[in-house]
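1. Provided below are the primary sequence and the corresponding predicted coordinates.
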Amino acid sequence: MSIKSDNRHLYLQVIDHLKQDIQKGIYKEREKLPSEFDLAKQLGVSRATLREALRILEEENVIVRRHGVGTFVNAKPLFESGIEQLNSVTGMIEHAGMKPGTIFLNSTTTGPTEEDIRRFSCSHDDEITLVERVRTANGEPVVYCLDKIPSSILPEDSSFEDESLLHLLEVKSNRKVTYAVAQIEPIGYHEKISPILECEPETALLVLKQMHFDENDVPILYSVNYFKADKFSFHVLRRRI
């Protein structure tokens, strides 16, 4: 069925039409879409218009295009969060009604890098603890986590197998994280992390970098989290001022 023309660019109409078809279940999750030739013919548009619409839908993680195989509908994200809300990974997983878990990979204590000195306002004599973990939801790996914490604020008996570092810092170190400065960016396949998260070659990752501050505006935790883009969706509320 061809799309009904309105005053918008044709590729925008194609995007809306395909999204509606996916929402209605005409094209189901992980289902292969018709070929570009057939789909353009069905919608009554040129292949150039269709390709532009598909390019944007792929950027939005609505579809995924596999070279030499075809175009598929992406599964809907299981976890959604406003990036303006400071939620732990544990909280996001629990909110989705799933059981959070942790695969502890490694923890090391080293001298600070120049970036650590800048981030934490520490000296060359201080030590930084680096924690490497994988977070799971119902046993499935969904987030790869790298966390840096000044060693001086950690108790000696710290166990990084606990689900939430925010909880550990608050309960055992009496340092409550009250806000964070975040940066998020998409990346493609990662040679080390994608296999750990059991990603398909075409599955993108969302990298969330955050510096966490306590009630006294002291930086106490720097984290780099790699989220499976087909599992997580982040949004932000913007207000006009």
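-> Perfect, I can see it now. Numbers count the residues shown, from 1 in each chain.

2. need the next SSE after the helix or strand of the chain with the lowest mean pLDDT, C-terminal direction.
-> For the chain, counting by mean pLDDT, DSSP states H and E, strand 79-82 ranks last in confidence among helices and strands (a mean of 56). Counting by DSSP states H and E, the next helix or strand C-terminal to strand 79-82 is helix 89-95.

3. Now do that following helix: which elements does it pack against?
-> Counting contacts by 3 or more Cβ pairs under 8 Å, 6 or more residues apart in numbering; DSSP states H and E, helix 89-95 is packed against strand 79-82, strand 100-110, strand 128-137, strand 140-150. Backbone N, C-alpha and C define where each C-beta goes, glycine included.

4. and that helix, what's its mean pLDDT?
-> Helix 89-95 shows a mean pLDDT of 80.

5. one step back: can you tell which of the helices and strands packed on helix 89-95 is closest to residue 16?
-> The closest approach between residue 16 and any of these, judged by Cβ to Cβ, belongs to strand 79-82 at 21.0 Å.

6. circling back: tell me which of the helices and strands packed on helix 89-95 sits nearest to residue 207.
-> strand 140-150 (9.6 Å).

7. Tell me which helix or strand comes right after that closest one.
-> Next along from strand 140-150, by DSSP H and E: helix 165-172.

8. May I have that next one as CSV, with CA atoms only?
-> Below are the C-alpha coordinates for helix 165-172, written out as CSV (Å, rounded to 0.1, in the frame of the first residue of the first chain):
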residue,chain,number,x,y,z
LEU,A,165,28.6,0.6,43.5
LEU,A,166,26.5,3.6,44.4
HIS,A,167,25.0,1.5,47.2
LEU,A,168,28.4,0.3,48.3
LEU,A,169,29.8,3.8,48.5
GLU,A,170,26.8,5.0,50.4
VAL,A,171,26.6,2.1,52.9
LYS,A,172,30.2,1.3,53.5
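
9. after that helix, next one along is what?
-> Following helix 165-172 in sequence, per DSSP H and E, is strand 177-187.

10. From the contact counts, what lies against that next one?
-> helix 165-172, strand 205-214.

11. That one vs strand 205-214, what angle?
-> Following axes from the mean of the first three to the mean of the last three Cα atoms, to 10 degrees, one obtains 160 degrees for the angle between strand 177-187 and strand 205-214.

12. now residue 190, what's its secondary structure?
-> coil (DSSP: H, G, I helix; E, B strand; the rest coil).

13. what pairs with the nearest residue to it once chain neighbours are set aside across the strands?
-> Excluding the flanking residues, the one nearest residue 190 by Cβ to Cβ, 6 or more residues apart in numbering is residue 205, at 6.0 Å. With DSSP bridges applied, residue 205 shows beta-bridge pairing to residue 187, residue 228.

14. distance between the ends of stretch 91-103?
-> One end of stretch 91-103 sits 17 Å from the other (Cα to Cα, to the nearest Å).

15. for that stretch, which positions count as buried?
-> The neighbour-count check on stretch 91-103 (16 or more other Cβ atoms under 10 Å) flags 91, 92, 93, 96, 98, 100, 101, 102 as buried.

16. now swap in stretch 195-213 and tell me
-> Under 16+ other Cβ under 10 Å, the buried positions of stretch 195-213 are 197, 199, 202-208, 210-213.
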